[in-house]
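Trainee: Have a look; sequence and predicted model below, questions after that.
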Number of protein chains: 2
Amino acid sequence: MDIGKNIRIKDIAKLAGVSVGTVDRVLHNRGRVSEEALKKVTEVMNQIDYKPNLIARTLGSNKNYRIAALIPDPTLDPYWAQSNLGIIQAQTEWAQYGVVVDTFPFDLYNKDSFHRLAREVVEQSPDGIVIAPIFYHESVPAFELFQKKEIPYVLFNTNIHEAKPLGFIGQNLNQSGRVGAQLMILGQHGPGIFAVLHIDEDVQDSVHLLEKEKGFRDYFEEKSKSRFEIIDYNLNPHSPSFRDQMKQLLDNEALKGIFVSTSKGTAVAASFLEAHGKNDIRLIGYDILHENLKFLRSGTIDFLINQNPKRQALLGISHLVNHLMFKKAAPQMDLFPLEIITQQNVDSYLGSGIH
Amino acid sequence: MDIGKNIRIKDIAKLAGVSVGTVDRVLHNRGRVSEEALKKVTEVMNQIDYKPNLIARTLGSNKNYRIAALIPDPTLDPYWAQSNLGIIQAQTEWAQYGVVVDTFPFDLYNKDSFHRLAREVVEQSPDGIVIAPIFYHESVPAFELFQKKEIPYVLFNTNIHEAKPLGFIGQNLNQSGRVGAQLMILGQHGPGIFAVLHIDEDVQDSVHLLEKEKGFRDYFEEKSKSRFEIIDYNLNPHSPSFRDQMKQLLDNEALKGIFVSTSKGTAVAASFLEAHGKNDIRLIGYDILHENLKFLRSGTIDFLINQNPKRQALLGISHLVNHLMFKKAAPQMDLFPLEIITQQNVDSYLGSGIH
DNA sequence: CTTTCAAATGTGCACGCACACATTTAATTT
DNA sequence: AAATTAAATGTGTGCGTGCACATTTGAAAG
């Protein structure tokens, strides 16, 4: 191991017996290289561990990369506001390397706006795309457009199996449900009922929420905790019957805990619990949103599972830049840790730089 | 605001009517500049907003930085082995920019070796130091040496208030104990006993362990959970009476849970619980060490609080490099999130890139 | 055998800065 | 007035890479 001096393109050229220009062409495979030369260079490359000097690279090539971020409008939803913070951070972080990020915020209650913006993105033909494909049916044709124009794209938050992205960034939702279940059952003595609440505008289209529920149920089955019953509700917070449904649920004396699959829904459920003075029901939900924070501090919410939307977006762009600028392969799946947030450790999360 | 072009030294020189050399001398105030020229340049500087191109700066000045890492011998302890992984990662990450990290591994059971190596570090007069100051009394004079020689240093793992470091990286230990307490009490019904175990060679000198215990006790007091009793034990795992003490503790029928303040101690306590078939006692400890993993998976350990030693060391060096190379201020306190690890989310932590 | 031409390969400059060195200026001594 | 000297200022090169352009090579066509 020779410390100190790093291998430069010049060194590779000398070792392979060619000029730096040829090495450069091989490195960026822009062709115009003979079979023989290519073989010699790749041979050297395999033997040594060449790491391009990124500093020099960005100095030399004054290239500018344009990245499009297709995410739900951050002004309409606190969860996506956090994602947007990640986009902004990535932007300032990479600005010095000549990377520009354009955000295309679509209305998360309006599939048409998604469809429209997706086409707008393609028209701009950016160098890369990060996308939160929350609409399953509308996303698939969008991906086809990206692929046709050969624009690399990174998925985050929601995975879609039809897609052929550079990579996906998010969490294992099934496992996420299991974490919820484990925290739910801790110290609880049966018999009793646990409720899984999907509080969302249209649940039927949200496969990812059901995956969390499945994990939750799977845990109970595997641990054979059959003395507990699990019931699930699909609730629309804006429907007129919502309040009654919640009231009915809370009036059930056997109810021991509630697991909410959405971040916004968590705060909604918490406010109902507080209003009804139900302090002994364990509440587990998602994400360190401002609204949830209040209830976590008051003790109404016991646990939050942090999906880290900010970091998801941040890494999405980082992976894209690494691919474009440094030709580094992005991990096909970047599964985030399932962070457990409580009243006592939430400040340590808020204070740390990652957040 | 003109985005595109950034102001270069060359531009300043032209505006001030001098050469780039003179501007350079003013910028780095290395003297040899006439009053007149200095005035002209500073005048221009005040009117425009010059931001030096850090990329070009590091390329131009081919400086090599030597960083010393003063940490406990990684071969003697699995916790510090993780720290060492962070050092190694930082080393490979920064090697190409001319940063060399020298590790000075001291015996964590031998204060003299710490003292000796600290002086050896100073003799080498590196450009920066990262240090895990686990010995309070021996550290303070070491810091004075660093300061006298004007070597910037970064603390991690253990904070020492007498120090004037560039920054500290670690966790809020009091809060860490509170997290343990909260997890301990969840779903537990009094009355009962909780034990705080300090399993270490010499506890009396380990202020940081006591800080965790204080947080643990503070939580009970603040939440007025007086129906629970808290007892603490200072145990030396190599003392002959150790087994008896543990057995006596476990035989106490009122014992509801154990909180262990050290990572290695966690596995030790877990093995005793398993040996005695005590499945119903909640066990909370520290860190994702290989030994702990087994007991977490089997369910003997209920929670681990992750101190992320690897990342602590990694960031320590990063902060130092940012200070030396890019003149960027390191955060005075980089407090890590108090990560809660369970059987169900441990794999998501192991799989994620940070680990 | 020369000419043509494309493919292959090599060379040189720019990026913005730091730093060493060369040159100019001005004050002082001889 | 010439020589000496130090201070002030200017010039040039290198850092490692990307890219445009120049040059060489070799084969096919004339």
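Mentor: Right, received. Where do you want to start?
Trainee: Chain neighbours aside, what residue packs nearest to A:Ile199?
Mentor: Residue nearest to A:Ile199 in three dimensions, not counting chain neighbours: A:Gly265, with 2.9 Å by Cβ to Cβ, 6 or more residues apart in numbering or on different chains. Just so you know, the C-beta spots here come from the backbone N, C-alpha and C atoms, and that holds for glycine as well.
Trainee: For that neighbour, give me the pLDDT.
Mentor: pLDDT, A:Gly265: 95.
Trainee: count of neighbours near the nearest residue to A:Gly299 once chain neighbours are set aside?
Mentor: Leaving aside its chain neighbours, A:Gly299 sits nearest to A:Gln343 (6.4 Å; criterion: Cβ to Cβ, 6+ apart). When neighbours are defined as other Cβ atoms under 10 Å in any protein chain shown, A:Gln343 has 21 of them.
Trainee: And for the one 3 residues further on?
Mentor: For A:Val346, the tally of surrounding residues (other Cβ under 10 Å) stands at 21.
Trainee: ok, it to B:Arg217 distance?
Mentor: 21 Å (Cβ to Cβ, to the nearest Å).
Trainee: Surely the residue nearest to A:Ile199 and A:Glu201 touch.
Mentor: No - using Cβ atoms under 8 Å, A:Gly265 is not in contact with A:Glu201; the gap is 10.6 Å.
Trainee: the more surrounded of those two?
Mentor: A:Gly265 (20 against 14).
Trainee: for the more buried one, what are its contacts?
Mentor: Counting by Cβ atoms under 8 Å, 6 or more residues apart in numbering or on different chains, A:Gly265 makes contact with A:197-200, A:235, A:237, A:285.
Trainee: Could you check how far the closest residue to A:Ala81 other than its chain neighbours is from A:Asn159?
Mentor: Leaving aside its chain neighbours, A:Ala81 sits nearest to A:Pro74 (4.3 Å; criterion: Cβ to Cβ, 6+ apart). Distance of A:Pro74 to A:Asn159, computed by Cβ to Cβ: 21 Å.
Trainee: Just give me the neighbour total for A:Val26.
Mentor: By the criterion of other Cβ under 10 Å, A:Val26 has 22 neighbours.
Trainee: May I ask which helix or strand encompasses it?
Mentor: Using DSSP states H and E, A:Val26 sits within helix A:20-27.
Trainee: which parts of that helix are buried?
Mentor: A:22-23, A:25-27 (16 or more other Cβ atoms under 10 Å in any protein chain shown).
Trainee: Run through the residues that contact the residue of the stretch 1-150 of chain A found nearest chain B.
Mentor: Nearest residue of the stretch 1-150 of chain A to chain B: A:Asn6, at 4.6 Å (Cβ to the nearest Cβ). Going by Cβ under 8 Å, 6+ apart, A:Asn6 touches A:51, A:53, B:95-96.
Trainee: Surely it is within a helix?
Mentor: No - using DSSP: H, G, I helix; E, B strand; the rest coil, the secondary structure at A:Asn6 is coil, not a helix.
Trainee: Walking through chain A, point out its helices one by one.
Mentor: A:9-16, A:20-27, A:35-47, A:54-60, A:78-94, A:111-124, A:136-148, A:173-185, A:207-222, A:242-251, A:263-275, A:290-298, A:309-326, A:346-351 (DSSP state H).
Trainee: what would those helices look like in JSON lines with distance to DNA strand C?
Mentor: What follows is those, written out as JSON lines (distance: least, Cβ to the nearest atom of the strand, whole Å):
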{"stretch": "helix A:9-16", "distance to DNA strand C": "7"}
{"stretch": "helix A:20-27", "distance to DNA strand C": "3"}
{"stretch": "helix A:35-47", "distance to DNA strand C": "3"}
{"stretch": "helix A:54-60", "distance to DNA strand C": "4"}
{"stretch": "helix A:78-94", "distance to DNA strand C": "17"}
{"stretch": "helix A:111-124", "distance to DNA strand C": "26"}
{"stretch": "helix A:136-148", "distance to DNA strand C": "28"}
{"stretch": "helix A:173-185", "distance to DNA strand C": "46"}
{"stretch": "helix A:207-222", "distance to DNA strand C": "45"}
{"stretch": "helix A:242-251", "distance to DNA strand C": "58"}
{"stretch": "helix A:263-275", "distance to DNA strand C": "43"}
{"stretch": "helix A:290-298", "distance to DNA strand C": "40"}
{"stretch": "helix A:309-326", "distance to DNA strand C": "15"}
{"stretch": "helix A:346-351", "distance to DNA strand C": "33"}
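Trainee: hey, least reliable of those by pLDDT?
Mentor: helix A:54-60 - the lowest mean pLDDT of the helices of chain A, at a mean of 84.
Trainee: Give me the contact list for that one.
Mentor: A:96-98, A:325-326, B:53, B:55-56, B:58-59, B:97.
Trainee: quick revisit: quick check: which of the helices of chain A is nearest to B:Leu273?
Mentor: helix A:173-185 (18.7 Å; Cβ to Cβ).
Trainee: Could I get the CA-only coordinates of the helix holding A:Val26 as CSV?
Mentor: C-alpha atoms of helix A:20-27 as CSV (Å, rounded to 0.1, in the frame of the first residue of the first chain):
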residue,chain,number,x,y,z
VAL,A,20,-3.5,10.3,-21.4
GLY,A,21,-5.9,11.1,-24.2
THR,A,22,-6.5,7.5,-24.9
VAL,A,23,-7.0,6.7,-21.2
ASP,A,24,-9.5,9.5,-21.1
ARG,A,25,-11.4,8.1,-24.0
VAL,A,26,-11.5,4.6,-22.4
LEU,A,27,-12.6,6.0,-19.0
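Trainee: Return the residues in contact with A:Tyr97.
Mentor: The contact partners of A:Tyr97, taken as Cβ under 8 Å, 6+ apart, are A:58, A:321, A:325, B:55.
Trainee: For the residues you listed, which entry has the maximal number of neighbours?
Mentor: A:Val321 (22 neighbours).
Trainee: Just to check, it is in contact with A:Glu93?
Mentor: No - counting by Cβ under 8 Å, no contact exists between A:Val321 and A:Glu93, whose distance comes to 9.1 Å.
Trainee: Now list whatever residues contact both of these two.
Mentor: By Cβ under 8 Å, 6+ apart, no residue touches both A:Val321 and A:Glu93.
Trainee: Could you list the residues in contact with stretch A:342-355?
Mentor: A:288, A:293, A:296-297, A:299, A:302-304, A:306, A:308, A:310-311, A:339, A:341, B:171-172, B:175, B:178-179, B:181-183, B:219, B:331, B:334-340.
Trainee: Spatially, which two of the contacts of A:Tyr97 are the most separated?
Mentor: Farthest apart among those by Cβ to Cβ are A:Val321 and B:Ile55. That separation is 14.7 Å.
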